[in-house]
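>>> model this:
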Amino acid sequence: MSACLLAVVAFAAPAAAQQHRELTPHQRAIAAGYKALTLCEGQFGGGRTPEQVAALELTGIYPEYEALVAELPATSNAQDRSVSVPFAPNMPPRLAYRVPHFGCALAPIGGKRVLPPAHHANPSIPLPADPRAWPIGDGGIAPKPSKALDAAVAAAFDPAVSKGRSTGVVVLRDGKVIAERYADGFGPLVPNRTWSVAKSIAGTLVGIAVADGKLDPMKPATIPEWRQYGDPRAAVTLDQLLRMASGLGSDTAGNRTDAIYFGGTSVTEQAVAWPLVAPPGSMFRYANNDTMIAIRALRASLADDNAYLHFPGDRLFRPLGMQHTTAGIDWQNNFVLSSQVWSTARDFARLGEFWRNDGVWQGKRILPEGWMKYMTTPSGPQPATGPGYGATLWLFGPKQGLPEGSYAAQGNRGQSIFVIPSARLVVVRRGEDQAGNAFDAPRFVAEVLKAVE
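I've put the predicted structure just below:
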């Protein structure tokens, strides 16, 4: 195979052997999956080089994996848009590969590609700009921020001011782009992982299904794996799943589901398998599994898998002009909609403006009336500290230095969409922050507010 089609990338870490000596074979497989998936999306979704991805997206990650991820070699195949990463001499390498319309997928540990290759998909990476006028397209965007706003945005990219590593910022006022800036290697058409912002996308998709009469948040979630007589989890409502109040447990903190995200384990194998540790609705426990199970209920509610697989694109992304957003699936065709979505700062801004307008886009109602109020109203148990929680959206106010009624979607490594209804403002910040070195998003939004007042 020619050099233009095949590249092997290895980044050695001097102390790597000592740092990852205690990792189990499963953890080594997860580390390899982390690298394969991240390189696949960065190259074949964002048009970034392996070296760029390794320097940013693969540094400052979970500390138990970082040294091994840096050491493992990766082979990128541009012809079939795949990345393979070996992790054990007696096992096949971990494989991530591009799937038409769904971004990159991971094969299960020890397995091969089971979804169709993407030879014909997305011939230009990243996708070209949409010439239609903003907000449905990319035309006519020419922000002229004031000096104060320009300074506030610039500070988000200044390592002397901000602890994080910003990759993009977009600010909307009354739906118009009034500020936009990107780090080197990124731009308005380059997607990166949304992490837990995907949870708020999941809540939005559930709302669309509610409008269709397919789901009722106040009724028990229809989970096929919980249908056996006597299963107490059958009482868990969709509302409780959306509000992180399912009462379900897991073997790690609620927001670590490495086996699904990077191990190639499917949602329907693991997320639905955890038992109750508390009565449903009795405690707040932020959990990836709750969101993945809510989307499992969406899959069960639709007529067939074809309708399910087309639902995010047909009903939300394309109507809003989110042409650079893909929702990832596992090898058993489940959306991993608690984290595995790739999107751009502009697409985030479109989504935030859609929320600000109560689920109406270009004069057409997409969300049922009252759904945004539902998503932004606390109910039941709440987090012990910090902002409140609605139904997949975080709730901010004066205690966090923001106006009453502010809300946000937030994700790992510094992803955020803040909506400030009283100021008619949407503030998007994308990042690749290092673990333990978080960007202060509420403070940044407060600075933007000062600059536009």
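>>> check the offset of the helix ranked longest in the chain from the chain's centre.
The residue-count maximum for a helix in the chain (DSSP state H) belongs to helix 25-44. The chain centre lies 16 Å from the centre of helix 25-44; the measure is Cα atoms, centre = their mean, to the nearest Å.
>>> state the helix or strand in which Gly60 lies.
Assigned by DSSP states H and E, Gly60 belongs to no helix or strand.
>>> please apply the same query to Gln410.
Per DSSP H and E: strand 406-411 holds Gln410.
>>> then Ala105?
Using DSSP H and E, Ala105 maps to strand 103-106.
>>> helices or strands next to that strand in the packing?
On a contact count with 3 or more Cβ pairs under 8 Å, 6 or more residues apart in numbering; DSSP states H and E, strand 103-106 meets helix 25-44, strand 94-99. To be clear about C-beta, it is placed using only N, CA and C from the backbone, and glycine gets the same treatment.
>>> can you name every helix or strand that the longest one contacts?
Other helices and strands packing on helix 25-44, by 3+ Cβ pairs under 8 Å, 6+ apart, are helix 50-56, helix 63-71, strand 74-77, strand 82-85, strand 94-99, strand 103-106, strand 192-193, helix 258-261.
>>> got the angle for it vs strand 94-99?
30 degrees (axes from the mean of the first three to the mean of the last three Cα atoms, to 10 degrees).
>>> what's the mean pLDDT across helix 25-44?
Per-residue pLDDT over helix 25-44 has a mean of 97.
>>> which one of the helices and strands packed on helix 25-44 lies nearest to Arg165?
Nearest to Arg165, of all the helices and strands packed on helix 25-44, is helix 50-56, at 6.9 Å by Cβ to Cβ.
>>> in that closest one, what counts as buried?
50, 52-54, 56 (16 or more other Cβ atoms under 10 Å).
>>> ok, Gly313 - how many residues close by?
Per other Cβ atoms under 10 Å, the neighbour tally for Gly313 reads 17.
>>> list the helices and strands whichever helix or strand comes after the strand holding Ala105 packs on?
Helices and strands here follow DSSP H and E; after strand 103-106, the next one along the chain is helix 147-155. Counting contacts by 3+ Cβ pairs under 8 Å, 6+ apart, helix 147-155 packs against strand 166-173, strand 176-182, helix 441-452.
>>> as TSV, these with mean pLDDT, distance to Asn412 and mean neighbour count would be great.
Formatted as TSV, those follow (pLDDT from 0 to 100; distance: least, Cβ to Cβ, whole Å; neighbours: other Cβ atoms under 10 Å):
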stretch	mean pLDDT	distance to Asn412	mean neighbour count
strand 166-173	98	13	25
strand 176-182	98	20	19
helix 441-452	98	12	20
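>>> dump the ones you listed to CSV, plus distance to Ala156.
Below are the helices and strands packed on helix 147-155 laid out as CSV (distance: least, Cβ to Cβ, whole Å):
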stretch, distance to Ala156
strand 166-173, 5
strand 176-182, 8
helix 441-452, 6
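>>> out of the ones you listed, which comes closest to Arg430?
Across these, closest to Arg430 is strand 166-173 (Cβ to Cβ), at 4.0 Å.
>>> helices or strands up against that closest one?
With contacts taken as 3+ Cβ pairs under 8 Å, 6+ apart, strand 166-173 sits against helix 147-155, strand 176-182, helix 345-356, strand 425-431, helix 441-452.
>>> nearest to Lys35, out of the ones you listed?
So among those, strand 425-431 is nearest, using Cβ to Cβ, at 19.8 Å.
>>> gap between Ala409 and Arg315?
18 Å (Cβ to Cβ, to the nearest Å).
>>> wait, I meant Lys144
Distance, Lys144 to Arg315, using Cβ to Cβ: 35 Å.
>>> got it, and Ile201?
Between Ile201 and Arg315 the distance is 11 Å, computed by Cβ to Cβ.
>>> between the two, who's got more neighbours?
Neighbours per residue (other Cβ under 10 Å) separate Ile201 from Arg315, with Ile201 holding more: 29 against 18.
>>> out of the helices and strands packed on helix 25-44, nearest to Gly397?
strand 192-193 (28.4 Å).
>>> so what strands line up beside that closest one?
Neighbouring strands of strand 192-193 in its sheet, by DSSP bridges, are strand 341-343 (antiparallel).
>>> what does the strand it pairs with contact?
41, 45-46, 103, 191-194, 197-198, 201, 322, 324-328 (Cβ atoms under 8 Å, 6 or more residues apart in numbering).
>>> picking that back up, of the buried residues of helix 50-56, closest to Phe418?
Using Cβ to Cβ, these come closest to Phe418 at Leu56, 23.0 Å.
>>> from Gly185, how far out is the closest one?
Distance, Leu56 to Gly185, by Cβ to Cβ: 7 Å.
>>> what is the burial count for the nearest residue to Glu269 once chain neighbours are set aside?
Leaving out its chain neighbours, the residue that sits closest to Glu269 by Cβ to Cβ, 6 or more residues apart in numbering is Gln332, at 7.5 Å. Residues near Gln332, counting by other Cβ under 10 Å, number 13.
>>> is it true that Gln332 touches Gly264?
No - contact criterion Cβ atoms under 8 Å: Gln332 and Gly264 do not qualify, at 10.1 Å.
>>> shared neighbours of those two, which are they?
Counting by Cβ under 8 Å, 6+ apart, no residue touches both Gln332 and Gly264.
>>> quick one: pLDDT of Glu453?
Predicted confidence (pLDDT) for Glu453: 87.
>>> that one: neighbour count?
Glu453, neighbours per other Cβ under 10 Å, totals 7.
>>> check contacts around it.
Contact analysis of Glu453 by Cβ under 8 Å, 6+ apart lists Ala423.
>>> fine by me, we can end here.
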